[in-house]
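**Q** my questions are about this predicted structure, shown below with the sequence.
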Amino acid sequence: MEKINGRKICLIGGAGFIGHNLALHLHSLGAEVSIIDSLQVNNLASFTATSEDSVNRSLYLRILNERQRLLQDAEIPLFVQDARNYHALSKLISEIKPEVVIQLAAVSHANKSNKDPYSTFDHSFRTLENALDASRDRVEHFIYFSSSMVYGQFSKDTVSEESICNPLGIYGALKYGGEKLVIAYNQVFDLPYTIVRPSALYGERCVSRRVGQIFIENALSGKDIKIAGDGSDKLDFTYIKDLVKGIELVISKDAALNQTFNLTYGNSKSLADMANIMQANFDGLDIQYTPKDSLTPDRGTLSIEKARSLLGYNPSHPLDVGYTDYINWYKSFYTES
């Protein structure tokens, strides 16, 4: 497989949190990056379509505009197109002629998925099927973003790619079903693929209200932080900068083809650990504990030994380092006029 420099890479759903960070990183390596995105899910269209003052709406619009500015400054083309429209998506793929397609279009929050399963299917599974069919016989490598939620309730502290998947709730079920569909397209149409399972992501310019983001926003606005449960729940928190380095390896290594990888930090920490980092960075911060959602599985560490062995993946941001960097970025962005 060729190196990244000069390769045509298309990110479907690429204007979101993961996508824009990944697009900027691949562009910096010399790739010809393009993005297809409807801007409807956790993006400009969803925050500008209503006059209602949703939680931190003005802040999120600033963040989303910053994403757009960075992409424009890098001259990364953004095609505003709904991936649920198969014919329009297929036409775009045929015109862009990417060698690599990265499928990111999806509803990105498990709680939202359980509350609105139709929309989740529409934006996650339908877009995936369209992307796969538009890519067969056209691209060299299809990369699908799955989730650690496919594992469901962890049966032990650490799971590997060989562990049995038993997803809990709509979000995990659709992600796991998506994995099976990707593999089926390889079996039937010989479409080379890689499935990626990230976990508990955090980092700059996120608006999807992940736990680390909510903690910081509450602290910045003078509110207490709230923990679902007693704080002992563990997650394999992963800094966005480590994830995009992992995708760089997935694209550039032949060993990634037709494989599934956990791409996380590889060492889980508790919500209480994250809260302690918050208290070290914000004076007088109090913690409240709330009931845990029954559809939130008990999780832990995702083994990254396979990615380390086959790809040379070596994440470099433990939670105390990466989360502190994120806090400092948010403090700076929050206080800008």
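**A** Yep, that arrived.

**Q** how many neighbours does residue 303 have?
**A** Per other CB atoms under 10 Å, the neighbour tally for residue 303 reads 17. Placement of C-beta: from N, CA and C, glycine included.

**Q** ugh, typo on my part, it should be residue 11
**A** 29.

**Q** distance-wise, check it relative to residue 33.
**A** Separation of residue 11 from residue 33 (CB to CB, to the nearest Å) stands at 7 Å.

**Q** which neighbours do these two have in common?
**A** Here residue 11 and residue 33 share the contacting residues residue 23, scored by CB atoms under 8 Å, 6 or more residues apart in numbering.

**Q** out of everything not next to it in sequence, what's closest to residue 160?
**A** Closest residue in space to residue 160, ignoring its immediate chain neighbours: residue 303 at 4.2 Å, by CB to CB, 6 or more residues apart in numbering.

**Q** could you do residue 269 as well?
**A** Per CB to CB, 6+ apart, closest to residue 269 is residue 319, 4.8 Å.

**Q** I'd assumed residue 273 was in contact with that neighbour.
**A** Yes - using CB atoms under 8 Å, residue 319 makes contact with residue 273 at a distance of 6.5 Å.

**Q** list the buried residues in stretch 93-100.
**A** Neighbour counts over stretch 93-100 (16 or more other CB atoms under 10 Å) mark 93, 96, 98, 99, 100 as buried.

**Q** residue 319 and residue 273: who's more crowded?
**A** Neighbour count, other CB under 10 Å: between residue 319 and residue 273, residue 319 has more, with 25 against 18.

**Q** dump the residue contacts of the residue nearest in space to the middle of the chain.
**A** In the chain, the centroid-proximal residue (CA atoms, centre = their mean) is residue 18; its distance is 4.6 Å. Neighbour list for residue 18: 104, 145, 198, 201, 240, 243, 244 [criterion: CB under 8 Å, 6+ apart].

**Q** which among these gets closest to residue 286?
**A** residue 201 (26.0 Å; CB to CB).

**Q** so for that closest one, what's the pLDDT?
**A** At residue 201, the model reports a pLDDT of 96.

**Q** swap in the one 10 residues further on?
**A** Model confidence at residue 211, expressed as pLDDT, equals 92.

**Q** touching, it and residue 271? I think so.
**A** Yes - counting by CB under 8 Å, residue 271 is a contact partner of residue 211 at 7.0 Å.

**Q** more neighbours, the two?
**A** Taking neighbours as other CB under 10 Å, residue 211 and residue 271 compare with residue 271 leading, 24 against 19.

**Q** what residues are up against that one?
**A** 211, 227, 228, 229, 231, 232, 233, 234, 235.

**Q** again with residue 269
**A** Per CB under 8 Å, 6+ apart, neighbours of residue 269: 234, 235, 237, 319.

**Q** apply 7 Å and report the result again.
**A** Residues near residue 269 by CB atoms under 7 Å, 6 or more residues apart in numbering: 234, 237, 319.

**Q** burial of residue 162, as a residue count?
**A** Residue 162 has 8 neighbours, counted by other CB under 10 Å.

**Q** helices of the stretch 51-200 of the chain, start to end?
**A** Ranges of helices within the stretch 51-200 of the chain are 57-73, 86-96, 110-115, 117-120, 127-135, 170-189, based on DSSP state H, counting those that start in this stretch.

**Q** over the third one, what's the mean pLDDT, rounded is fine.
**A** Across helix 110-115, pLDDT averages out at 65.

**Q** circling back to that earlier point, save the buried residues of stretch 93-100 as CSV, and put in distance to residue 60 and pLDDT too.
**A** Putting the buried residues of stretch 93-100 into CSV (distance: CB to CB, whole Å; pLDDT from 0 to 100) gives the following:
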residue, distance to residue 60, pLDDT
93, 30, 97
96, 29, 97
98, 29, 98
99, 34, 97
100, 30, 98
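
**Q** now what about stretch 116-133, what contacts it?
**A** Contact partners of stretch 116-133, identified using CB under 7 Å, 6+ apart, comprise 12-13, 41, 83-84, 86, 89, 101, 103, 105-107, 113, 142, 170-171, 174, 177-178, 181-182, 185, 191.

**Q** switch the cut-off to 8 Å
**A** Residues from elsewhere that reach stretch 116-133 (CB under 8 Å, 6+ apart): 12-13, 40-41, 83-86, 89-90, 101, 103, 105-107, 112-113, 142, 144, 170-171, 174-175, 177-178, 181-182, 185, 191.

**Q** same check on stretch 319-329?
**A** Stretch 319-329 is contacted by residues 202-204, 212, 216, 237, 239, 241-242, 265, 269, 273-274, 277-278, 281, 317 when judged by CB under 8 Å, 6+ apart.
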